[in-house]
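> Next input, structure requested:
(2 chains)
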Amino acid sequence: MNSTHPAPKTLPDAHGHFGDFGGMFVPETLMFALRELSDEYDRAKADPAFQAELDHLLKQYVGRPTPLYFAERWTEKLGGAKIYLKREDLLHTGAHKINNALGQILLAKRLGKTRIIAETGAGQHGVATATVCARFGFECVIYMGAEDMRRQALNVARMRFLGAEVRAVTAGQATLKEAVNEAMRDWVTNVRSTHYILGSALGSHPFPMIVRDFHRVIGVEARKQILESEERLPDLLLACVGGGSNAIGLFHPFLGDKSVKMTGVEAGGEGITDGKHAARFQGGKLGVLQGTKTWLLADADGQIQLTHSVSAGLDYAAVGPEHAYYQSVGRVDYTYATDAEALDAFQELARTEGIIPALETSHALAYAKKVAPKMGKDQIIIVNLSGRGDKDVAEATRHIFGEEVKF
Amino acid sequence: MPSRIDQTFAALRQSGRKAFVAYIAAGDPSMEETLANVLTLADCGADVIELGVPFSDPLADGIVNQMASQRALEAGATMAGVMRLIRSIREKSDVPLVLFTYLNPVYAYGFEKFHADASAAGADGVLLLDLPPDEALLNKELLGGGSLQRICLIAPTTPAERIHKLAAAAQGFIYYISREGVTGAQTTLATNIGSQVTAIKASGTAAPVCVGFGISTPEQAREVAQSADGVVVGSAIVKVIQNHGGKPSAQQELAAFVKPLVDAVKSV
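Numbering: from 1, shown residues only, chains lettered A, B, ... in the order given. Below you'll find the model as predicted:
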């Protein structure tokens, strides 16, 4: 048993590379802003006052630490490994996204920026960003695909109540990738006044590192909590992977613990055929998209392919570069769950534990359902319950009950 | 043998004239029409043609170029098709050609193979919007550049020391982005273009400095040509193709729009 906290890995390197992945593949106009952000982040990290303010707000405003909850009834039902849920769904705004949004707004303040932009898929990052902008008095513009605005209408309303302007993006398939393109275009245009709060462990360096670091708190807490309750480390960590921010947040503090296996669960959509899924490690290839070199879904000519997932937050063509690295070295396994499997797990958790999870999270739960029965009763799984499902009620009603509901 | 780009700028320098650089998207509305468009642009006096290789996610481009990219892809544009286009252009014209695109289509085609094939087909330069020179040096598979000249970008946000570094390594010409933003016509020009061009020249670079992004009228082109070695016009020309592409009058309309721009640049 390894009870000491492992030292954080030294990745990325000074150029933002995780092995062969990551980097800064951006138009020249943004190079300065990214270096400025990188330098300011280094100063903030070394500044105890920054960390103290972040810790205070995480506790008093966001609601950390979150419980590591033993899902007793679900464990009994599955009949195998003990399942613990890291309750990020209980955070203010309803998902892990606020950890990063809060950290980055404090950086934006230090940078002297006055305006914030962000992209959002499921709307959770948009809501988190709108929330911290309201809290700190920043102008806020959120780019969101028109299709995502339809299926996550509740979150669109929340962002508006919080004072953000939500700009619909209608290009392409009108989901997360197009929202990122528009946010990048805005940033290139307004780079002097504006900070881009990127919402996943994606994009150009230093974003994958910064976003990961602000979410590491998930894994740091979970590690401490499981050692307290079980006096041992878990056998398996599970998290859904869109860009991969909640997964990297949970996994990272356990990377040095050789006995702990980790699996990231991508969106299998309607199955692994072109255009019907978002499982980059299944049908993808190495490429460069939106600032980073990583695994992505593209055709033979390098054109980015359509993706599909029932969950807007996983419906994206590229995976975070750090995940691509851990996959390449075999440290983390990646699998997928289909729409149907996710919807099934969504209902099962609601009915056995009284917790309605986000559809994104439901992909990780779906894999837990598969793997837990094959494991021994003395084994332990921690699933990152990255978000709550309130936002998905309309979409899930449509899929599960075949009824249209409006909010 | 000196490159077509270098020869063109040397001749312009000798005659004391400025360059007109035109951008269009390859395959918009079809490869056949792009061939005709390139020949028309060269006939109108364009000194260099930038051929946009369409990409599904052109994040540095404004709406006009995004739509052109989309039209080209919908019409079936591929990298292999672009290579064939370059060969057909070379059968009829020696106008310098710069391929203007994003990294992923090049990456998928094979970075070295792209440079070798494009060069063999007759292209002269390449400008990859999302490949800063820093990254090109850091990734072993992005080193093989073949004989294509790598055109570098300098932005208004590029710090002085970085300007020095980029300018020192420049090949062909330096593309100065006139303002923060994406490609696309603007009603007013950035005010500090002249001083920025002077700053780049002060780095001691021998490479000509061409200025682009947002230039759409003969008046703007003339103004920019006062300080720059060349003027790039893109979206405004693409817009003409958007409006007239596929019609019998397409070449006539294109020439009618471009000729005054060329004249303005050549009047300086």
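> switch to C-alpha atoms for all contacts and neighbour counts from now on
Fine.
> can you list the weak-confidence ranges in the chain?
Picking chain A for this. A:1-9, A:407 (pLDDT under 70).
> Please refer instead to chain B.
B:145.
> which of the residues in whichever helix in it runs longest are buried?
Longest helix of chain B, by residue count under DSSP state H: helix B:250-266. Residues of helix B:250-266 classed as buried: B:250-251, B:253-255, B:257-266 (neighbour count, 16 or more other Cα atoms under 10 Å in any protein chain shown).
> Summarise which helices and strands that helix is packed against.
Judged by 3 or more Cα pairs under 8 Å, 6 or more residues apart in numbering or on different chains; DSSP states H and E, helix B:250-266 is in contact with strand B:19-25, helix B:31-44, helix B:218-227, helix B:235-244.
> tell me the most buried of the ones you listed?
When you average the neighbours per residue for each of these (mean count of other Cα atoms under 10 Å in any protein chain shown), strand B:19-25 leads with a mean of 27.
> Tell me what angle it forms with helix B:235-244.
40 degrees (axes from the mean of the first three to the mean of the last three Cα atoms, to 10 degrees).
> Paired strands for strand B:19-25, with orientation please.
strand B:48-52 (parallel), strand B:230-233 (parallel) (DSSP bridges).
> Most tightly packed of those strands?
Of all the strands paired with strand B:19-25, strand B:230-233 has the most neighbours on average by mean count of other Cα under 10 Å, namely a mean of 28.
> How far does that strand sit from its chain's centre?
Offset of strand B:230-233 from its chain centre (Cα atoms, centre = their mean, to the nearest Å): 8 Å.
> cool, and stretch A:319-331?
Per Cα atoms, centre = their mean, the centroid offset for stretch A:319-331 relative to its chain is 15 Å.
> Closest residue of chain B to chain A?
Going by Cα to the nearest Cα, chain A is nearest to residue B:181 of chain B, at 3.6 Å.
> wait, isn't that residue in contact with residue A:183?
No: in this structure, residue B:181 is not within contact of residue A:183 by Cα atoms under 8 Å, at 11.7 Å.
> More neighbours: the two, which one.
Remark: of residue B:181 and residue A:183, residue A:183 carries more neighbours, 26 against 23, as counted by other Cα atoms under 10 Å in any protein chain shown.
> on that earlier part again, could I get the helices and strands packed on helix B:250-266 as TSV with distance to residue A:80?
Output for the helices and strands packed on helix B:250-266, formatted as TSV (distance: least, Cα to Cα, whole Å):
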stretch	distance to residue A:80
strand B:19-25	58
helix B:31-44	61
helix B:218-227	72
helix B:235-244	61
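> got the CA positions of stretch A:123-135 in CSV?
Only the C-alpha atoms of stretch A:123-135 are listed here, as CSV (Å, rounded to 0.1, in the frame of the first residue of the first chain):
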residue,chain,number,x,y,z
GLY,A,123,-23.7,23.8,-20.9
GLN,A,124,-22.1,22.9,-17.6
HIS,A,125,-18.9,24.7,-18.4
GLY,A,126,-20.9,27.6,-19.7
VAL,A,127,-22.9,27.8,-16.5
ALA,A,128,-19.8,27.5,-14.4
THR,A,129,-18.1,30.3,-16.4
ALA,A,130,-21.2,32.5,-16.3
THR,A,131,-21.3,31.9,-12.5
VAL,A,132,-17.8,33.0,-11.8
CYS,A,133,-18.2,35.9,-14.1
ALA,A,134,-21.2,37.1,-12.2
ARG,A,135,-19.3,36.5,-8.9
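> Now do that stretch: everything it contacts.
Residues from elsewhere that reach stretch A:123-135, judged by Cα atoms under 8 Å, 6 or more residues apart in numbering or on different chains: A:93-95, A:97-98, A:101-102, A:105, A:116, A:118-120, A:139-140, A:142, A:144, A:148, A:152, A:155-156, A:158-159, A:162-164, A:197, A:199, A:313.
> buried sites along that stretch?
A:123-134.
> Which ones among the residues you listed lie within strands?
Under the assignment DSSP state E, the buried residues of stretch A:123-135 contribute nothing to strands.
> And the furthest pair within the residues you listed?
A:123 and A:134 (16.1 Å; Cα to Cα).
> Please name the residues that touch residue 116.
No chain specified, so I'll use chain A. Applying Cα under 8 Å, 6+ apart, the residues near residue A:116 are A:133, A:138-141, A:194-197.
> oops, I was thinking of chain B
B:146-147.
> Which helix or strand contains it?
Secondary structure assignment for residue B:116, by DSSP states H and E: helix B:111-121.
> remind me, longest strand of chain A?
strand A:261-269.
> Give me the next element, helix or strand, following the helix holding residue B:116.
strand B:125-128.
> Ignoring the adjacent residues along the chain, who's closest to whichever residue of chain A sits closest to chain B?
Closest contact between chain A and chain B, by Cα to the nearest Cα, is at residue A:189 (3.6 Å). What sits nearest to residue A:189 in space, not counting adjacent residues and going by Cα to Cα, 6 or more residues apart in numbering or on different chains, is residue B:181, at 3.6 Å.
> Please apply the same query to residue A:299.
residue A:305 is the one closest to residue A:299 (Cα to Cα, 6+ apart), at 6.2 Å.
> which ones are touching residue B:20?
B:45-48, B:230-233, B:262, B:265 are the contacts of residue B:20 under Cα under 8 Å, 6+ apart.
> Residue B:91 too?
No residues are in contact with residue B:91 under the rule Cα under 8 Å, 6+ apart.
> about what we covered before: present the strands paired with strand B:19-25 as CSV; the columns should include distance to residue B:93.
Formatted as CSV, those follow (distance: least, Cα to Cα, whole Å):
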stretch, distance to residue B:93
strand B:48-52, 11
strand B:230-233, 20
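> sorry, back to before: mind checking which of the buried residues of stretch A:123-135 land in helices?
Using DSSP H, these in helices are A:124-134.
> On the three-state scheme, residue B:99 is what?
Secondary structure, DSSP: H, G, I helix; E, B strand; the rest coil: residue B:99 is strand.
> what's the closest of the ones in helices among the buried residues of stretch A:123-135 to residue A:397?
residue A:124 (19.2 Å).
> and the gap between that closest one and residue B:4?
Note on residue A:124: its distance to residue B:4, by Cα to Cα, to the nearest Å, is 52 Å.
> same question, residue A:153
55 Å.
> Could you tell me which helix of chain A is the longest one?
Longest helix in chain A, counting by DSSP H: helix A:207-230.
> so what secondary structure elements neighbour that helix?
So helix A:207-230, by 3+ Cα pairs under 8 Å, 6+ apart, packs with strand A:68-70, helix A:97-111, helix A:245-251.
> if you set the cut-off to 7 Å instead, what comes out?
helix A:97-111, helix A:245-251 (3 or more Cα pairs under 7 Å, 6 or more residues apart in numbering or on different chains; DSSP states H and E).
> What residues sit buried inside the helix holding residue B:116?
B:111-112, B:114-116, B:118-121.
> Using JSON lines, lay out these together with distance to residue A:329.
Listed next are the buried residues of helix B:111-121 as JSON lines, based on distance: Cα to Cα, whole Å:
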{"residue": "B:111", "distance to residue A:329": "24"}
{"residue": "B:112", "distance to residue A:329": "26"}
{"residue": "B:114", "distance to residue A:329": "29"}
{"residue": "B:115", "distance to residue A:329": "31"}
{"residue": "B:116", "distance to residue A:329": "32"}
{"residue": "B:118", "distance to residue A:329": "35"}
{"residue": "B:119", "distance to residue A:329": "36"}
{"residue": "B:120", "distance to residue A:329": "38"}
{"residue": "B:121", "distance to residue A:329": "39"}
